[in-house]
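Novice: build me a model:
(one chain, ligands or ions: 1)
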Amino acid sequence: MSRFVIVGAGAVGSALAAALTEQEQSDRRQTLLIARGRALEHLRENPLLLRTVTGDRRIPLRVASIEDATLRVGDVLVLAVKAQHVAQAASDLAWRPVFDGDAEVGTAAEVLPIVTTQNGIDAEETVARWFAHVVATTVLIAARYTEVGEVRVGGRPYLGSALIGEPYAPTRVTRNAVDTVAAAWVAAGFAVRRTGEIGAVKATKLLHSVKNGLEVLAGDDEAKRQVGEALEAEARAVLEAAGRPIADRGVLVIDPDQRGGDADLGVGQGTQSTWQSFARGADSHEIDHLNGEIARLARLHRVEAPVNTTLQALLGAAGQRGGGIDLPGLDRLTALLPAGVAG
Ligand SMILES: NC(=O)c1ccc[n+]([C@@H]2O[C@H](COP(=O)([O-])OP(=O)(O)OC[C@H]3O[C@@H](n4cnc5c(N)ncnc54)[C@H](OP(=O)(O)O)[C@@H]3O)[C@@H](O)[C@H]2O)c1
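Specialist: This next block holds a predicted model:
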């Protein structure tokens, strides 16, 4: 029976681990959550507090550090760290031995499937440096991790949704992993759809994610909406110049009845993943893999991306000063809009 080894005890990783652990008695599958620092210390001694629209529950999780974890044949690795931590986590995992009983049968990079969950479009390429069997997901969830030991998820009727696919040449291992993930995540309360165009789906989600950084800036909603439109239009033009396929926006809707955010839980628009990093005062954030991905592709393909590069620069500098929210700088972005727009 396969086991999920989820790396990263943050919003997505903890929510997934909790939902899968709650399912364990019915499907006998096990889940191990790889954590570090204060989260690891806390979850070793205490259950996770999962807060959802159906109420709060405390769920004891199996936790370990990467170094403590013994990997086994049949494990499915799920990378739920932020994009800026993907390379480190993948390289730390890659050459760990994998056991079948007492026998060592190879390394994680050679033997096990690895499933990415990151926003942006570079995580799969990064893990492919080490891993032979890469599966990609686009995760649509309104999850909040701002306090150690607690995760809030606003979704209803599903906890969240995911699109899953094989970004590179399929292997027997990736095919099995897609089947395993789809079945287990559905049983755990997610809406899941397989797709043959996961790269294009991730590009579509990036058109949304390039606006995430606006949530940490002070300023009025209408100005942010107009800057957001400019960020998205510019990102689309850059992705097209780079020859990156983009799926129709509708592909991200798996069930039209699904609602993500929940005001009472404080999750959803306004407090998404990047906002959470800045609110925690985390010393790193994902902007360099969202707006920074647009900046990188613009430079490689000799086109301009002034709105995305300015937002990246604003938040990059703010992050170095320790983060925080309601930050100044929106005027630098509105100044880039055509005259007469957003003043
Ligand atoms: N939050 C959402 O609602 C949401 C929705 C859709 C997609 N996403 C995407 O999902 C991905 C994960 O985001 P998130 O919001 O879950 O991030 P997060 O809350 O910051 O959680 C990431 C966790 O990974 C941990 N981590 C990093 N490197 C590690 C390592 N080597 N070993 C063990 N733990 C490690 C971090 O620990 P430290 O705290 O010590 O750094 C952190 O606890 C991102 O790409 C995000 O854009 C998020």
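Novice: for residue 174, give me its contacts.
Specialist: With contacts defined as C-beta atoms under 8 Å, 6 or more residues apart in numbering, the neighbours of residue 174 are 113, 133, 134, 135, 166. From N, CA and C alone the C-beta is placed, and that goes for glycine too.
Novice: let me see the residues that make contact with the lengthiest helix in the chain.
Specialist: When the chain is scanned for its longest helix (criterion: DSSP state H), the result is helix 221-241. Contacts of helix 221-241 from elsewhere in the structure, counted by C-beta under 8 Å, 6+ apart, are 203, 206-208, 210-211, 214, 217, 246, 291, 294, 297-298, 301, 303, 305-308, 311, 330, 333-334, 336-337, 341-343.
Novice: could I get it in CSV with only the CA atoms?
Specialist: As requested, the backbone C-alpha atoms of helix 221-241 are provided in CSV (Å, rounded to 0.1, in the frame of the first residue of the first chain):
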residue,chain,number,x,y,z
ASP,A,221,-9.1,48.4,-4.3
GLU,A,222,-9.9,50.0,-7.7
ALA,A,223,-6.2,51.0,-8.2
LYS,A,224,-5.2,47.5,-7.3
ARG,A,225,-7.7,46.0,-9.7
GLN,A,226,-6.4,48.1,-12.6
VAL,A,227,-2.8,47.3,-11.7
GLY,A,228,-3.8,43.7,-11.5
GLU,A,229,-5.2,43.8,-15.0
ALA,A,230,-2.0,45.3,-16.3
LEU,A,231,0.1,42.6,-14.5
GLU,A,232,-2.0,39.9,-16.1
ALA,A,233,-2.0,41.3,-19.6
GLU,A,234,1.8,41.8,-19.4
ALA,A,235,2.3,38.3,-18.1
ARG,A,236,0.2,36.9,-20.9
ALA,A,237,2.1,38.8,-23.5
VAL,A,238,5.4,37.5,-22.1
LEU,A,239,4.3,33.9,-21.9
GLU,A,240,3.1,34.1,-25.5
ALA,A,241,6.5,35.7,-26.6
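Novice: so after that helix, what's the next helix or strand?
Specialist: Toward the C-terminus, helix 221-241 is succeeded by helix 273-280 as the next helix or strand (DSSP states H and E).
Novice: show me what that next one is packed up against.
Specialist: With contacts defined as 3 or more C-beta pairs under 8 Å, 6 or more residues apart in numbering; DSSP states H and E, the secondary structure elements packing on helix 273-280 are strand 143-147, helix 306-320.
Novice: again, only this time at 10 Å
Specialist: helix 11-27, strand 143-147, helix 306-320 (3 or more C-beta pairs under 10 Å, 6 or more residues apart in numbering; DSSP states H and E).
Novice: quick revisit: which positions in the longest helix of the chain come out as buried?
Specialist: Going by neighbour count (16 or more other C-beta atoms under 10 Å), the buried part of helix 221-241 is 223-224, 226-228, 230-232, 234-236, 238-239, 241.
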